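J.: Okay, predicted coordinates and the sequence, questions at the end:
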Amino acid sequence: MPLSTKHNILLAEQLCLSLNMLKTMKVARYSLKSEVRNPNVERNPKPENRITRLAREFALTLARQRSILSGLRISGFCLPAIARAAGRVSGILASDFFRVSAIRISDFRPNPSPITRQVYVPQAVLTGLLGLLGLLVLLAGAETLRAGNLYLPNASFAAPVVPETNPYAVPDMAAWEKSAQPAWYDPSQNDDTPWADLMGTFYNVPFPGEYIDNCDGSQAAFIFALPGAAIFQDYDSLDDASTNASHAFNAKFNVGRSYNLTVGVIGGGGGMQPGATLQLSLYYRDAFSNLVIVAATTITNSTTMFPTNTHLVDFQVQTPTVQPGDAWAGQNLGVQIASTVGFDIPGGYWDVDNVRLVEEIIVPNYSFESPVVPEVNPYAIPDLAAWEKSAQPAWYDPSQNDDTPWADLMGTFYNVPFPGEYIDNCDGAQAAFLFALPDVAIYQDYNSMDDGSTNASHAFNVTYTVGKAYTLTVGVLGGGGGMPDGATLQLSLYYRDDFSNQVTVAATTITNRATLFPTNTHLVDFQVQIPGIQATDPWAGQNIGIQLLSTANFGNSGGYWDVDNVRLTEVVAPQLSHPVWLGGNFNLTLQSDPGTHFEILGMPCISSPPSDWTSLVTFTNTTGAILFSDPAAGLNQRFYSAHQLP
């Protein structure tokens with residue numbers, strides 16, 4: 001079959017004064033903002049009026065209150081009394097069946113000895129539940145699977161708690177370090193405003209025209225639009241209230257991973273000039289503790305970019321995949337938000353919130369954008385960068401197939417913008433095709449080679465890590481080219497054994513039928529899932545491989561598959577651990593991805609039906625490891641499971 005067949009078919013608005021103050025008070029705060037300026041510009045002295053004096057005195061009061069307010073700092077979200085934050089983490093798994101970690105109270109009662117009072121902690125009971133409960137978890141959890149979220153302390157600026165009274169702002173920020181005062185800044189020339197007061201936290205006041213409708217939580221941060229004003233956080237950073245680094249933010253640039261930083265931003269506050277800039281960056285520290293930027297995004301203020309002051313706009317920073325030879329490989333990761341405005345247009349302030357950091361696995365050429373396919377007939381080529389093709393099997397004879405080389409049965413095509421042909425959810429402008437014949441396959445691992453290479457690039461350098469769970473997601477279209485019902489495609493994750501044979505760890509088989517693929521213009525996502533890797537698994541520590549294989553037989557072969565947007569996610573496998581009976585309470589720790597939502601369920605008997613599960617508590621696992629404590633008064637035994645919520 002010829003290849004052409006394929007596609008022929010606040011200190012301003014929040015720092016100084018209340019957001020609902022009288023008009024005269026608003027004049028005062030804008031007066032204060034306007035006084036923060038380039039010291040090289042001549043300043044005309046003028047008498048201090050009542051409003052200006054009030055603003056100056058208020059700024060001084062905030063500075064004096066810092067020592068008092070520092071006592072209110074917290075390190076994360078306030079959770080219900082039954083759950084307390086503890087430690088660090090990453091992920092959740094929704095597999096083909098629900099694997100529940102069930103822990104029984106009676107197994108952890110104190111040893112009856114009145115002398116030693118030792119606590120007996122045996123192996124946790126692991127139970128697989130099928131049926132309704134498993135289905136509920138799959139539906140609730142599958143859509144929340146992401147690449148590994150990394151714990152970033154005080155990511156939504158919830159600490160310290162800002163009093164819900166005028167001025168609704170404090171110059172304090174738990175976990176975040178502020179930039180040092182630059183030589184050019186003189187507080188005496190700026191209404192005696194300390195440099196540190198130009199960065200802080202504010203309460204999202206529920207006033208018309210002021211309330212930020214997508215603020216994460218009830219607080220956010222402000223940064224004045226002055227050269228050098230910045231906040232940052234890394235393993236060694238110190239907030240204003242600390243004398244020693246907490247080391248709470250302990251993420252590193254890991255080889256084979258890429259990193260995505262997302263921050264919600266509002267520009268234009270306090271009369272900010274168009275053209276003022278803010279830089280978001282990911283960095284590491286060199287041997288001299290200097291901040292070295294790995295990747296950055298610059299945001300430029302404009303009314304087009306920020307049409308309203310009540311809705312945060314997300315901006316992202318994306319790093320390339322970390323390679324073994326990169327200077328930052330293995331180094332601690334840092335996050336910085338910095339005003340980069342020049343002295344020509346200083347003034348105003350930025351609002352920032354909801355700082356999210358994700359560790360990703362980027363599969364090389366995951367959306368088949370390389371090589372570029374010419375936008376002319378036949379709109380397809382038999383080339384695939386980064387992906388290796390299966391070898392021609394003994395049964396295939398090109399001379400019996402219109403002299404079509406085996407390698408031409410796999411390739412890349414341009415998503416033509418023709419009615420009835422354009423794939424509406426194609427990632428980018430291209431996708432891949434595989435003819436539905438036995439043994440047609442493309443795959444990628446650490447040692448694979450595409451058609452244009454003579455040596456492996458080792459670009460896909462990801463290993464199965466103990467304690468992590470993996471999900472492969474691929475967009476697929478069946479039915480192309482008259483493919484018969486019943487033709488199959490297998491998606492799999494594998495590793496290579498000592499003889500370089502591919503050994504499948506997990507696989508999903510897709511069967512072509514009209515009900516599964518009702519149209520040829522919309523890709524359908526399919527997944528392959530691997531639960532938490534155990535230290536005893538043969539694939540633990542081995543390089544990950546991805547394969548897309550036509551498993552059609554000679555009775556249902558023909559036609560082709562379209563595939564696109566190959567995604568591989570790695571998360572911490574959810575686990576209920578460290579069970580112990582202590583102080584009259586039963587305690588255990590839930591480990592998962594930071595920021596994931598859970599419900600702890602309990603039941604008296606492991607053989608009870610799903611309807612007997614009782615909801616004990618719901619919470620957000622902010623840090624990734626959270627302690628659950630159950631009084632369990634009067635119970636002889638209770639089993640527990642963690643149910644991820646959307």
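T.: Yes, it's here.

J.: okay, CA-based contacts and neighbour counts for the rest of this
T.: OK.

J.: pull the helix or strand with minimum mean pLDDT from this structure.
T.: strand 83-85 (a mean of 21; mean pLDDT, DSSP states H and E).

J.: any idea how far Ala221 is from Asp192?
T.: As judged by C-alpha to C-alpha, to the nearest Å, Asp192 and Ala221 stand 22 Å apart.

J.: hmm, who's touching stretch 475-488?
T.: Stretch 475-488 is contacted by residues 5-6, 9, 436, 509-514, 517, 520, 522-526, 550-553, 556-566 when judged by C-alpha atoms under 8 Å, 6 or more residues apart in numbering.

J.: redo that, cut-off 7 Å
T.: By C-alpha atoms under 7 Å, 6 or more residues apart in numbering, the surrounding residues in contact with stretch 475-488 are 9, 509-513, 517, 520, 523-526, 550-552, 556-566.

J.: Just the buried ones from these?
T.: Taking 16 or more other C-alpha atoms under 10 Å as the criterion, what is buried in these is 509-513, 517, 520, 523-524, 550-552, 556-566.

J.: helix, strand or coil for the closest residue to Val265 other than its chain neighbours?
T.: Sequence neighbours aside, Val352 is the residue nearest to Val265 in space, at 4.6 Å (criterion: C-alpha to C-alpha, 6 or more residues apart in numbering). Using DSSP: H, G, I helix; E, B strand; the rest coil, the structure places Val352 in strand.

J.: any idea how far Val352 is from His597?
T.: 24 Å.

J.: Please say which of these two ends up with more neighbours.
T.: The neighbour comparison of Val352 against His597 (other C-alpha atoms under 10 Å) goes to Val352, with 24 against 20.

J.: Bridging across strands, which residues link to the more buried one?
T.: Listed by DSSP bridges, the beta-bridge partners for Val352 are Ala221, Val265.

J.: Please apply the same query to the one 4 residues further on.
T.: Assessed by DSSP bridges, Arg356 has beta-bridge partners Thr262.

J.: Val563 too?
T.: With DSSP bridges as the criterion, Val563 is bridged to Ala432, Val476.

J.: Let me know whether it touches Phe433 as I believe.
T.: Yes: between Val563 and Phe433 there is a contact at 6.2 Å, judged by C-alpha atoms under 7 Å.

J.: Can you pull the phi/psi pair for Ile510?
T.: Backbone torsions for Ile510, taken as degrees, to the nearest 10, come to phi -110, psi 130.

J.: quick revisit: does the residue nearest to Val265 touch Ala221 like I think?
T.: Yes: with contact defined as C-alpha under 7 Å, Val352 counts as touching Ala221 (5.3 Å).

J.: Quick one: neighbours of Asp367, just the number.
T.: Let me fix one detail, which is that residue 367 is Ser and not Asp. Using other C-alpha under 10 Å, Ser367 has 22 neighbouring residues.

J.: swap that for Asp344, sorry
T.: Neighbour tally, Asp344, other C-alpha under 10 Å: 11.

J.: any idea how far it is from Pro631?
T.: 62 Å.

J.: Also Gln637?
T.: Separation of Gln637 from Pro631 (C-alpha to C-alpha): 12 Å.

J.: Looking at these two, which has the bigger crowd around it?
T.: Between Gln637 and Pro631, Gln637 has the larger neighbour count (other C-alpha under 10 Å), namely 17 against 14.

J.: wait, isn't that one in contact with Gly602?
T.: No: contact criterion C-alpha under 7 Å: Gln637 and Gly602 do not qualify, at 10.0 Å.

J.: in this structure, which residue is closest to the centre?
T.: What sits nearest the mean C-alpha location of the chain, by C-alpha atoms, centre = their mean, is Val358, with 3.2 Å.

J.: just to revisit the earlier point, quick one, which of Asp192 and Ala221 is more surrounded?
T.: Neighbour comparison, Asp192 and Ala221: the larger count goes to Ala221, with 28 against 14 (by other C-alpha under 10 Å).
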